[in-house]
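[1] Provided below are the primary sequence and the corresponding predicted coordinates.
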Number of protein chains: 2
Amino acid sequence: MNKFSIGVDLGGTNLRIAAVDEQGNLVEKVTLGTKVSLGRDHVIGDMCDAIQRMSEKFGDSAPLLGIGIGVPGIIDMQTGMVRGSPNLPGWEDYPVRAEIERRLKTVVILENDANVAALGEQWLGAAKDFSDMAIFTLGTGVGGGMVLGGAIWHGANGMAGEFGHVTVEPEGQLCGCGNRGCLEQYASATAVVRMAREAIANDSASALARTASSDAEFSAKSIYNLAIQGDEDARRIFRQVGRSLGIVLSAMVNSLNLPIYVIGGGASSAWEAFSPSIFEELRRRSYVYAATAPHDPTATNEGASARIESGPGRKTVITRALLGSDAGLYGAARLPMIEQVRR
Amino acid sequence: MNKFSIGVDLGGTNLRIAAVDEQGNLVEKVTLGTKVSLGRDHVIGDMCDAIQRMSEKFGDSAPLLGIGIGVPGIIDMQTGMVRGSPNLPGWEDYPVRAEIERRLKTVVILENDANVAALGEQWLGAAKDFSDMAIFTLGTGVGGGMVLGGAIWHGANGMAGEFGHVTVEPEGQLCGCGNRGCLEQYASATAVVRMAREAIANDSASALARTASSDAEFSAKSIYNLAIQGDEDARRIFRQVGRSLGIVLSAMVNSLNLPIYVIGGGASSAWEAFSPSIFEELRRRSYVYAATAPHDPTATNEGASARIESGPGRKTVITRALLGSDAGLYGAARLPMIEQVRR
């Protein structure tokens, strides 16, 4: 077996752990529940036990490069501490990395969960072979991450990639962050449901209203199903998703001129419904995009050609993520491999 | 004398050339008119003659590191050709760099003018000692540039830094780029005059209207003078400038989390009038800024402390440029010095 590392995706609901080798093969994956309510020490104990078992299983036949852990919060890379995490109460001001290193006696790297998703897609997914890329993750909220020059871009305080809180409508919907009109208010799964409820309030006889009353789990997925069946109210909601993403992507394309932007996260499964509006906005709002757009922006092979080209003729690719919920797991496993290279 | 290089600021109106040593001392500066109407070859001839004289004057006592030229257009860094320049008609598809190297027999580096302004402010100006920074240049239009990891960030096609065409108001003022509501439509000197004329159309008895009718060169400067005298109509215009800049800066702070953003260009001399609105928007719209704002965002010493700190406690500095119209000249002269380091 090749050298391998262990990647951990520490979510608010699931704790997923995988052994991945240097070629990107997933050797084994286990999924546990994250028992957040039992407290930090319990979760760290569960995690370390599972890593230990996996490490012992494969560690005899191949060297373990280290452990990478994706955490839903802001990480202080220097101290290996969690600086803020709404989904992991009680984890702040505690030496998470040092404690796990002490227990497992190997290199441990903590990283923000959107950043590891970026790294995963850059290593093995939609942005494979691109050294510069950004990812937008559409879920309950909208997150993001960037890889620049082959390395995660943390920014001065480890807070880079907050695309979800870029302003789309200066006087728009109030956001939990205190701003108005954040992307997250128009492009998250939460926003899709809110916009559907707004539409229902305006027209209680619509298909949306009928679905909402019959479907106990009225979700972004239910609304997407209506959209692909051709329901105009549902389609309009996803056009708003695409329009908002297109406005923020235009800002990023004009500012950063990256070769590829990846749309991931659970709500990106509605790509067919919202992506046409993304491209419409980009063509109108970004002359950098207009000058560098592929002939067929939705074709996968155009992405491939952009990888090969470089220089002025290079294309700007906007595409959906390929690794699904495993992006963070692969990205986390990648961390100790990059660290090895850097040393 | 120390090793030196020659920086050129090739503007649509002025052609400025300076010898700058490795310590950043400006040894000599000459300003010529850019005789654009006489054609490309004439301008290149004037430029090469002036560089030659300066090179001979100082080249006996110290080694010349090379020539850096800031050009108002998109540069293909690989070929040293101008790919697009509205202010320099006829310069496209011509080997500008190769021709100047042939004549002067030394290293020549072409670079976009906003990028060299960024590099100048990063080397010797407001962002001195910061390895990551962005500049917004407010002039006839709004341009921009970024230095990341100590090097100019070009993007995949050499088109990065187009902050002027980031959308502020999705259904706002039509822009020459084809988009609506671009920053340039609210924060350029041109926009200040347009907004004043809009205000005059609404109230022909205002101080703005009186100034416009008595002042043959009714400009952003005239409107700024009214604003500092307390005229509410003029002040409102600069609040709009600051609000628009604040919206785009919030997007950049949330996305990139850079330690410093510099506001330069001629119209940045109205800083006193528009900067309070920038900080107001930033505090409201960027929780990354709110978490990292200096105690007194306008104090210069807060900038100095941000330079020293690093990691989570680091501050986000928004400040005005320090080098005025010389930023591009210093930045252009810096290019061959960095190239020397890189080799």
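    Received, thanks. Residues are numbered from 1 along each chain as shown, chains lettered A, B, ... in the order given.
[2] OK, contacts around A:L183?
    Contact analysis of A:L183 by C-beta atoms under 8 Å, 6 or more residues apart in numbering or on different chains lists A:142, A:163-168, A:244-245, A:247-248. (C-beta placed from N, C-alpha, C; glycine too.)
[3] What is the nearest of these to B:A127?
    Set against B:A127, the nearest of the contacts of A:L183 by C-beta to C-beta is A:V166 (22.9 Å).
[4] picking up where we left off before, okay, and which of the contacts of A:L183 map to helices?
    A:244-245, A:247-248 (DSSP state H).
[5] restrict the residues you listed to contacts with chain B.
    A:247-248 (C-beta under 8 Å from any C-beta of the partner chain).
[6] Show me just the buried residues among the ones in helices among the contacts of A:L183.
    A:244-245, A:247-248 (16 or more other C-beta atoms under 10 Å in any protein chain shown).
[7] And the ones in helices among the contacts of A:L183, which is closest to chain B?
    Distance to chain B, by C-beta to the nearest C-beta, is smallest for A:I247 among these, at 5.3 Å.
[8] Against B:I278, how distant is the closest one?
    Distance of A:I247 to B:I278, computed by C-beta to C-beta, to the nearest Å: 21 Å.
[9] Got phi/psi on A:L64?
    Note on A:L64: backbone dihedrals following degrees, to the nearest 10 are phi -90, psi 120.
[10] Please name the bridge partners of it.
    With DSSP bridges as the criterion, A:L64 is bridged to A:F4.
[11] ok, it touching A:M1?
    No. Under the criterion of C-beta atoms under 8 Å, A:L64 makes no contact with A:M1, lying 10.7 Å away.
[12] Need the overlap of contacts for the two.
    Common contacts of A:L64 and A:M1 (C-beta under 8 Å, 6+ apart): A:F58.
[13] quick one: which of the two has more around it?
    Ranked by neighbour count (other C-beta atoms under 10 Å in any protein chain shown), A:L64 and A:M1 place A:L64 first, with 20 against 13.
[14] Could you pull up the residues touching the more buried one?
    A:3-6, A:55, A:58, A:106.
[15] Repeat that for A:A126.
    Contacts for A:A126 (C-beta under 8 Å, 6+ apart) come out as A:260, A:262, A:264, A:303, A:319-323.
[16] same thing but 10 Å
    Applying C-beta atoms under 10 Å, 6 or more residues apart in numbering or on different chains, we find A:A126 in contact with A:120, A:133, A:135, A:260-264, A:300, A:303, A:317, A:319-323, A:327.
[17] Same check on A:L124?
    Residues in contact with A:L124 (C-beta under 10 Å, 6+ apart) are A:20, A:23-26, A:322-323, A:326-327, A:330-331, A:333-334.
[18] Rebuild those residues as TSV, extending it with distance to chain B and secondary structure.
    Converted to TSV, these look like this (distance: C-beta to the nearest C-beta, whole Å; DSSP: H, G, I helix; E, B strand; the rest coil):
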residue	distance to chain B	secondary structure
A:V20	28	strand
A:Q23	27	coil
A:G24	24	coil
A:N25	30	coil
A:L26	30	strand
A:L322	20	coil
A:L323	22	coil
A:D326	25	helix
A:A327	20	helix
A:Y330	24	helix
A:G331	19	helix
A:A333	25	helix
A:R334	21	helix
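[19] what about A:E217, neighbour count?
    So A:E217, with other C-beta under 10 Å, has 6 neighbours.
[20] How is it assigned, secondary-structure-wise?
    Assigned with DSSP: H, G, I helix; E, B strand; the rest coil, A:E217 falls in the coil class.
[21] Quick one, grab the pLDDT at it.
    Per-residue pLDDT puts A:E217 at 90.
[22] From A:T190, how far out is A:A209?
    19 Å.
[23] Which stretches in chain A count as helices?
    A:40-59, A:96-104, A:113-124, A:184-187, A:189-202, A:207-214, A:220-228, A:232-256, A:271-285, A:287-292, A:300-308, A:327-342.
[24] Do you know the pLDDT at the residue of the stretch 101-250 of chain A found nearest chain B?
    The nearest approach of the stretch 101-250 of chain A to chain B comes at A:G155, 2.4 Å away (C-beta to the nearest C-beta). Here, the pLDDT recorded for A:G155 equals 95.
[25] That one: how many residues sit nearby?
    Neighbours of A:G155 (other C-beta under 10 Å): 23.
[26] What mean pLDDT does stretch A:12-30 get?
    For stretch A:12-30, the mean pLDDT works out to 95.
[27] Ends of it, what's the gap?
    With C-alpha to C-alpha, to the nearest Å as the measure, the first residue of stretch A:12-30 is 16 Å from its last.
[28] Show me what counts as buried in it.
    So for stretch A:12-30, counting by 16+ other C-beta under 10 Å, buried means A:15-22, A:24, A:27.
[29] can you tell me which residue is nearest the centre of chain A?
    A:T137 (3.6 Å; C-alpha atoms, centre = their mean).
[30] circling back to that earlier point, relative to B:L256, which of the helices of chain A is closest?
    Comparing those by their distance to B:L256 (C-beta to C-beta), the top pick is helix A:232-256, with 8.1 Å.
[31] by how many degrees do that closest one and helix A:189-202 diverge?
    Orientation check (axes from the mean of the first three to the mean of the last three C-alpha atoms, to 10 degrees): helix A:232-256 against helix A:189-202 gives 140 degrees.
[32] Helix A:232-256: how far from the chain's middle?
    17 Å (C-alpha atoms, centre = their mean, to the nearest Å).
[33] Report the rounded mean pLDDT for that helix.
    Confidence for helix A:232-256, expressed as mean pLDDT, is 98.
[34] Check which residues of that helix are buried.
    Neighbour counts over helix A:232-256 (16+ other C-beta under 10 Å) mark A:233-235, A:237-256 as buried.
[35] ok, A:Y94 touching A:I44?
    Yes. Between A:Y94 and A:I44 there is a contact under C-beta atoms under 10 Å: 9.2 Å.
[36] Now do the contacts for the residue lying farthest from the centre of chain A.
    Distance from the centre of chain A peaks at A:A205, with 36.1 Å (C-alpha atoms, centre = their mean). For A:A205, no contacting residues are found, by C-beta under 10 Å, 6+ apart.
[37] Which pLDDT value does the model give it?
    You'll see A:A205 listed with a pLDDT of 85.
[38] neighbour-wise, which of A:Y94 and A:I44 wins?
    Using other C-beta under 10 Å as the criterion, A:Y94 and A:I44 rank with A:I44 on top: 17 against 14.
[39] how close does that one get to A:G164?
    Here A:I44 is placed at a distance of 28 Å from A:G164 (C-beta to C-beta).
[40] In contact with the closest residue to A:Y186 other than its chain neighbours, which residues?
    Spatial nearest neighbour of A:Y186, excluding adjacent residues (C-beta to C-beta, 6 or more residues apart in numbering or on different chains): A:S244 at 3.7 Å. When contacts are counted by C-beta under 10 Å, 6+ apart, A:S244 is found next to A:142, A:166, A:168-169, A:172, A:181-188, A:191, A:274, A:277-278, A:281, B:170.
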